[in-house]
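S.K.: Below are the sequence and a predicted model for it; my questions follow.
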Amino acid sequence: MKNMEYKILIADDHRIFREGLKTLFEKQTNFKVVGEASDGLLAVELAAKTSPDLVIMDISMPGLNGIEAAKMILQKKPDIHIIALSMHSDRRFVTEALKSGIRGYLLKDSAFEELNIAVRTVLNKKTFLSSTITEIVVKDFLHQTSEKSTSAFIDLTPREREILQQLAEGKTTKEIAKSFSISIKTVETHRKQIMDKLNLHSIAELTKYAIREGLTSL
C-alpha cells in the first residue's frame, strides 16, 4: 500500500461519528476522505460521483439501509470495497451484508486499530470479520436448526424493503410514490403485499418490525 493514496467515503447518520473517523483517517498517510453521507441514498450518489476505493458504511441509516445501499453501489461500481461498521451483531445482518458484497464487518465499539487492520485487509481483496462477529457466525453455523430462517431480507423483495423503510420513517404514500417515480396505487399494492407477507396489520406494527430488522435507525 506504499506510495498510493486511497479514497474513502464515510456513510453514517451521526455527524460526530463521521467527523471522528475522518480525523483519524486523515492523520494517516495513504488515505483521503472524499465524501461523507448521512443516509444510504446519499452514499449511493456520492459513491457514483467520487469513485472511492473504500466505503465505510453503517447498516442502519435513514432513507436506505446500508445493505441495500451497498448492493446499489456495487451494481454500478463493482470494484469499490465496502466495510460495514455497525451496532448490530445479529448473524442475519452479517449474513446479508456478506451476501450484498460487503467485504468487512465490525461492530461500532471496535478500536480504531482493528478498523485500520480491516481497511488494509479489504483493500488487499480479502474479507475481514472482527473477532466478535467471527465467533457469532461460527456459533450460529455449529448450532443451525432445521427451522426456516426468516427475516426482512429473505421474506421481502428489495423494493418492498425500501418501501417498508420509508413507511416506518413516516413518509406518506404520495411522498413514497414520488421518491420511486411510481404511482400511489403501486405503493398501496406494495404496502398490502408487505402486510400480507409479514402478517402485520398497521403502520405501527410495520414500524416496530422495520426497527427490529435493522431497516431503520428510528
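M.R.: Looks like it came in fine.

S.K.: Look through this protein and tell me its longest helix.
M.R.: Scanning the chain for the helix with the most residues, using DSSP state H, yields helix 184-198.

S.K.: Okay, buried residues for that one please.
M.R.: 187, 190-191, 194-195, 198 (16 or more other CB atoms under 10 Å). Backbone N, C-alpha and C define where each C-beta goes, glycine included.

S.K.: residue contacts, the residue positioned nearest the centre of the chain?
M.R.: Residue closest to the mean C-alpha point of the chain, counted by CA atoms, centre = their mean, is residue 66 at 1.5 Å. Taking CB atoms under 8 Å, 6 or more residues apart in numbering as the contact definition, residue 66 lies against 11, 40, 43, 57-60, 84, 86, 97.

S.K.: show me where this protein has strands.
M.R.: Per DSSP state E, the chain carries strands over the ranges 6-11, 31-37, 54-57, 81-86, 104-107, 128-129.

S.K.: Show me what the worst-scoring helix or strand of the chain on mean pLDDT is packed against.
M.R.: Across the helices and strands of the chain, mean pLDDT, DSSP states H and E gives its lowest value to helix 131-142, namely a mean of 74. When contacts are defined as 3 or more CB pairs under 8 Å, 6 or more residues apart in numbering; DSSP states H and E, helix 131-142 sits against helix 91-100, strand 104-107.

S.K.: Pull out the buried positions in that helix.
M.R.: 133, 136-137.

S.K.: tell me the angle it makes with strand 81-86.
M.R.: Here helix 131-142 points in a direction 90 degrees away from that of strand 81-86 (axes from the mean of the first three to the mean of the last three CA atoms, to 10 degrees).

S.K.: if we can go back for a sec, which helices and strands sit right next to the longest helix of the chain?
M.R.: Using 3+ CB pairs under 8 Å, 6+ apart, helix 184-198 sits against helix 158-168, helix 173-180, helix 203-212.

S.K.: follow-up on the earlier one: could you single out the most deeply buried of the strands of the chain?
M.R.: When the strands of the chain are scored by mean count of other CB atoms under 10 Å, the highest mean neighbour count falls to strand 54-57 (a mean of 27).

S.K.: Including mean pLDDT and distance to residue 124, could the helices and strands packed on helix 184-198 go into CSV?
M.R.: Listed next are these as CSV, based on pLDDT from 0 to 100; distance: least, CB to CB, whole Å:
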stretch, mean pLDDT, distance to residue 124
helix 158-168, 91, 30
helix 173-180, 92, 37
helix 203-212, 86, 36
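
S.K.: Quick check: which of those helices is nearest to residue 52?
M.R.: helix 158-168 (22.9 Å; CB to CB).

S.K.: Enumerate the positions of the closest one that are buried.
M.R.: 160-168.

S.K.: still on that earlier bit, tell me the pLDDT of the residue nearest to the centre of the chain.
M.R.: Note on residue 66: pLDDT of 93.

S.K.: Please name the residues that touch residue 166.
M.R.: Counted by CB under 8 Å, 6+ apart, residue 166 has contacts 63, 175-176, 179.

S.K.: go again using 7 Å as the cut-off
M.R.: Taking CB atoms under 7 Å, 6 or more residues apart in numbering, we find residue 166 in contact with 176, 179.
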